[in-house]
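Colleague: please work out how this folds:
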Amino acid sequence: QVQLVESGGGLVQAGGSLRLSCAASGRTFSRDAMGWFRQAPGKEREFVAAITWSGGIIDYADSVKGRFTISRDNAKNTVYLQMNGLKPEDSAVYYCAADIRRGVGLFRSPRFYEYWGQGTQVTVSS
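Modeller: Below you'll find the model as predicted:
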């Protein structure tokens with residue numbers, strides 16, 4: 001059974017940091033692009049960041065650029081999202097996802113991602 005399991009969420013004050021992890025099991029994603037998305041109550045799921053299998057190409061949403069860093073450790077089948085300078089508007093459930101089409105670049109639309117984790121809550125207090 002393929003699983004993506006996020007962890008590292010929590011409650012943090014504005015300006016603080018969190019590091020999210022997404023551990024994969026049941027299948028290796030070392031040759032797949034991976035992404036992070038988030039969804040706040042009453043809002044659509046939105047793109048946060050994505051990374052190619054090699055880490056050679058990375059894309060960020062404008063709202064997080066310069067504050068968030070996506071990375072991966074293919075040996076551990078794990079993707080990370082380091083979040084610094086957190087703002088209340090960053091509060092959401094954060095999901096990791098895998099785009100298993102391979103070799104076609106990075107995409108911001110959730111519809112291109114085949115596998116999803118269950119999400120981890122991030123709450124930023126003002």
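Colleague: count of residues packed around Lys87?
Modeller: 14 (other CB atoms under 10 Å). Backbone N, C-alpha and C define where each C-beta goes, glycine included.
Colleague: residues contacting it?
Modeller: Counting by CB atoms under 8 Å, 6 or more residues apart in numbering, Lys87 touches Ala14, Val124.
Colleague: do the same with Gln3
Modeller: Ala24, Ser25, Gly26, Gly117.
Colleague: please report phi then psi for it.
Modeller: Dihedral angles of Gln3 (phi, psi; degrees, to the nearest 10) stand at phi -140, psi 140.
Colleague: quick one on the thing from earlier: which PyMOL command selects the buried ones in the contacts of Gln3?
Modeller: In PyMOL, a selection of the buried entries from these looks like this (16 or more other CB atoms under 10 Å):
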select buried, resi 24+117
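Colleague: among the contacts of Gln3, which one lies nearest to Val79?
Modeller: Nearest to Val79 among those: Ala24, at 7.9 Å, using CB to CB.
Colleague: I'd say that closest one and Lys76 touch.
Modeller: No. The criterion here is CB atoms under 8 Å, and Ala24 misses it with Lys76 at 9.0 Å.
Colleague: please enumerate the shared neighbours of the two.
Modeller: Joint contacts of Ala24 and Lys76 (CB under 8 Å, 6+ apart) do not exist.
Colleague: let me see the ranges of the helices in the chain.
Modeller: Under the criterion DSSP state H, helices are not mapped anywhere in the chain.
Colleague: show me where it has strands.
Modeller: 3-7, 10-13, 18-25, 33-39, 46-51, 58-60, 68-73, 78-83, 92-99, 115-116, 120-125 (DSSP state E).
Colleague: now the fifth one against strand 68-73, angle please.
Modeller: When you say that, I think you mean strand 46-51. 40 degrees (axes from the mean of the first three to the mean of the last three CA atoms, to 10 degrees).
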